[in-house]
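In: just a sequence and a predicted model for now, questions to come.
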Amino acid sequence: MTLTANPGDTVSTITRPDERPHAAVPTADAAATSGSETDDAPPRPDVDATIGQDSEPVGELLRVDPRTLVIGANVRRDVVLDRPFLRSITDRGVREPIIVRRDDNGVLVVRKGKRRTLAAVETGRPTVPVLVESGRPGEDPDAEDRGEVIDRIVDQLEENHHRAATHETDEVRAHQQLLDLGLTAGQIARRTHVPNARVKQTTAVARSEIAAAAMERYDLTLDQVAVIAEFDGPDGPDVEAVKALTVTAAKEPAQFAHVAQRLRDQRADARQVADTVAELTNRGVRVLDPEDTGGAAQISGLRLDAQTPSGTELDPTTHSGCPGHAATVEVHRSWDRQPQVKVVHWCTAPDEHGHVARWGRVTPTDDSGGGGDGEVARELAHAAEQAKCERRRVIANNRDWASATSVRRDWMRGFLARRAAPRDALPFIATTLARGGHDLRRAMESGHPTACELLGLTPTGNVYAGSPNPIEAFTATATSARATQLILAVLLGAAEDATGRQTWRNPTRDNRAYFTALRDWGYPLSPVEQLVLTDNDATPSQPADTTTSGEAARDAGDSVDDRAVVDDTDAVMSAAEETTST
């Protein structure tokens, strides 16, 4: 078939060969290599003659002005012309022919390709390719031949119902090929008209052997494997993090965001700790494990010796020359959730080096005469161990609360960006306003800073500053549904602003109402957030189950299915390493 270059010209009729075995046709390269056809080679058939004898017409392929086309009856009523699609038509035009038929007046009526037609008109394309089928348009249900109407409806339904979107794995593989051909992530986004954020994800996965391999092996989403790619750095993948993420994605996908954020925070904390440990080590300070300090004592509770006046604190500078001088390094988060490195100084053998209690030493006595000093010592040791367990639980849950807060606020930004509030939002709004609790009053006086943050606005300060609140501008043009959502944002922002590290231990009635509403509206509570709704708090010997990273992967061994996922992840990582080495 020959295509003419002039717009509007008709090209030759397209034909469809009958389905039958075809004889092998030697290529030009093969003929050139052999020099001449051999006696054993089959004769080359006359292709034109074959098409003319054994084919039937399909239609005419034309290039026409899209404004001359008439949109015929179509099962698709609402047509979405999104920006990426329009940009694609602007840059590259319509590449798949629009299926049309001629009516009694010779006008071309669109049967399939309504969206492409409207996009071509919208973007001002001069011509589009159309395939003119034989037959009537099939628009008149009262026509004698109703079969054409039935065929049109079935064809239009099947065209979209049986169309499969490109799988995310294939998309990643295609973007990897474009990267290999020299395109940057930005160029891929511009050429394919895919949002930059998505291309950043696909190319990050494409660059990570372990993430790409995990996507091939498991039924993971692009968002999930993009997180796995975060933990595949220049020094190689974080094996335990990859295992924990893979297990969570396979078994508890609702908790994936929480596990990912805890791993991010743990990684950031580990970097800060490593920097401080290196600094202390260079100064000759021994660094202890915060979870196992043995018989060491914090120097803040000691004085140099018995001759030093009672109450005099032993400071790190004075104690630096002691052979038992040591330190522990931990990361804590204050009310603003910002990580802070905390260095605590210890003496590993205070009695041996002559130190005494800062306020004097109290010797326990046993007045009962029953157990003696040994029993008292055992009770004190048991109490000390309980206190140590409680401290570990508080530190772990406080750390997990900070991670959960990041996930929760990200979820709320998406939730509050919706056009309308949930159907059952009004009872929550009415109840919260009726209570008029301290949290709401404080947020009102401070100008709703958290609500502004969640809505993507810049807070302007408290109400006494005299500046208009930016939420006011939103309400001026909001629909009733959107206005209800803004009211909900104000109340949720006040409730969120009142949460903190103490919430999981001592939740108020308003805290419980807030987290109950979030759960009912689809937010997946993390284990530490679930404690807010638990009547009986976890005991000191039973901390909240918020294990992550290596602990999650190791604990997965208790389940046959989880163990299989972990073993499978090991195989994926081995395959990825082999691919990288070759």
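Out: It's in.
In: how far away is residue 394 from residue 146?
Out: 76 Å (C-beta to C-beta, to the nearest Å). To be clear about C-beta, it is placed using only N, CA and C from the backbone, and glycine gets the same treatment.
In: so which of those two has more stuff around it?
Out: residue 394 (15 against 12; other C-beta atoms under 10 Å).
In: who's in contact with the more buried one?
Out: If you count contacts by C-beta atoms under 8 Å, 6 or more residues apart in numbering, residue 394 has them with residue 505.
In: pLDDT score assigned to it?
Out: Note for residue 394: predicted pLDDT of 88.
In: could you do residue 473 as well?
Out: pLDDT, residue 473: 84.
In: that one belongs to a strand?
Out: No: counting by DSSP: H, G, I helix; E, B strand; the rest coil, one finds residue 473 to be helix, located in no strand.
In: how many neighbours does it have?
Out: For residue 473, using other C-beta under 10 Å, the count is 11.
In: repeat for residue 196
Out: With other C-beta under 10 Å as criterion, residue 196 counts 12.
In: check residue 87 too.
Out: Residue 87 has 14 nearby residues by other C-beta under 10 Å.
In: from residue 190, how far out is it?
Out: In terms of C-beta to C-beta, residue 87 sits 9 Å off from residue 190.
In: then residue 385?
Out: 62 Å.
In: those two: which is more packed in?
Out: residue 190 (15 against 12).
In: helix, strand or coil for that one?
Out: Residue 190 - assigned by three-state DSSP - is helix.
In: and the gap between it and residue 224?
Out: Residue 190 is 26 Å from residue 224, by C-beta to C-beta.
In: mind naming the longest helix for the chain?
Out: Longest helix of the chain, by residue count under DSSP state H: helix 372-416.
In: any idea which helix or strand comes after it?
Out: helix 425-435 (DSSP states H and E).
In: packing partners of that next one?
Out: helix 480-497, helix 509-520 (3 or more C-beta pairs under 8 Å, 6 or more residues apart in numbering; DSSP states H and E).
In: then it to PDB, C-alphas only?
Out: Extracted in PDB, the C-alpha atoms of helix 425-435 (Å, rounded to 0.1, in the frame of the first residue of the first chain):
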ATOM      1  CA  ALA A 425     -18.200  13.400  58.800                       C
ATOM      2  CA  LEU A 426     -21.000  15.600  60.000                       C
ATOM      3  CA  PRO A 427     -21.600  13.700  63.200                       C
ATOM      4  CA  PHE A 428     -17.900  14.000  64.000                       C
ATOM      5  CA  ILE A 429     -18.000  17.700  63.200                       C
ATOM      6  CA  ALA A 430     -21.100  18.300  65.400                       C
ATOM      7  CA  THR A 431     -19.700  16.300  68.300                       C
ATOM      8  CA  THR A 432     -16.300  18.000  68.200                       C
ATOM      9  CA  LEU A 433     -17.800  21.500  68.000                       C
ATOM     10  CA  ALA A 434     -20.300  20.700  70.800                       C
ATOM     11  CA  ARG A 435     -17.500  19.600  73.100                       C
END
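In: buried residues, that helix. List them.
Out: 425, 428, 429, 432 (16 or more other C-beta atoms under 10 Å).
In: quick one: the strands in the stretch 1-150 of the chain?
Out: For the stretch 1-150 of the chain, the strands defined by DSSP state E, counting those that start in this stretch occupy 10-17, 55-64, 70-71, 98-102, 108-112, 128-133.
In: can I get the ones you listed in a markdown table with mean neighbour count and mean pLDDT?
Out: A markdown table is the format used below for these (neighbours: other C-beta atoms under 10 Å; pLDDT from 0 to 100):
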| stretch | mean neighbour count | mean pLDDT |
| --- | --- | --- |
| strand 10-17 | 13 | 43 |
| strand 55-64 | 16 | 83 |
| strand 70-71 | 14 | 92 |
| strand 98-102 | 21 | 92 |
| strand 108-112 | 21 | 91 |
| strand 128-133 | 21 | 93 |
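In: relative to residue 180, which of those is closest?
Out: strand 128-133 (31.1 Å; C-beta to C-beta).
In: what strands line up against the closest one, and which way round?
Out: strand 55-64 (antiparallel), strand 98-102 (parallel) (DSSP bridges).
In: who touches the last one?
Out: To tie it back to what came earlier, the one meant is strand 98-102. Residues contacting strand 98-102 (C-beta under 8 Å, 6+ apart): 69, 72, 108-113, 116-117, 128-138.
In: so which helix or strand of the chain has the lowest pLDDT on average?
Out: helix 28-34 (a mean of 40; mean pLDDT, DSSP states H and E).
In: spatially central residue in this structure, please.
Out: Among the residues of the chain, the one closest to the centroid is residue 223, at 4.4 Å (C-alpha atoms, centre = their mean).
In: so that one touches residue 204, yeah?
Out: No: using C-beta atoms under 8 Å as the test, residue 223 is too far from residue 204 to be in contact (11.3 Å).
In: just the mean pLDDT for the one helix or strand residue 247 maps to, thanks.
Out: Element membership of residue 247 [criterion: DSSP H and E] is helix 239-251. Mean pLDDT, helix 239-251: 92.
In: packing partners of it?
Out: helix 209-217, helix 222-230, helix 256-282, helix 549-555, helix 560-581.
In: and these, which one is worst for confidence?
Out: Looking at those, the bottom one is helix 549-555 with a mean of 45.
In: spit out the contact partners of residue 415.
Out: Applying C-beta under 8 Å, 6+ apart, the residues near residue 415 are 521, 522, 523.
In: now these in TSV, with pLDDT?
Out: Output for the contacts of residue 415, formatted as TSV (pLDDT from 0 to 100):
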residue	pLDDT
521	96
522	95
523	97
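In: once you drop chain neighbours, what's closest to residue 115?
Out: residue 79 (5.3 Å; C-beta to C-beta, 6 or more residues apart in numbering).
In: ugh, wrong one, I meant residue 125
Out: Using C-beta to C-beta, 6+ apart, the closest residue to residue 125 is residue 93 (5.6 Å).
In: distance check, that neighbour against residue 242.
Out: 43 Å.
In: how about residue 425?
Out: 39 Å.
In: name the element the closest residue to the residue nearest to the centre of the chain other than its chain neighbours belongs to?
Out: Spatial nearest neighbour of residue 223, chain neighbours left out: residue 201 (7.2 Å); criterion: C-beta to C-beta, 6+ apart. Following DSSP H and E, one finds residue 201 within helix 196-207.
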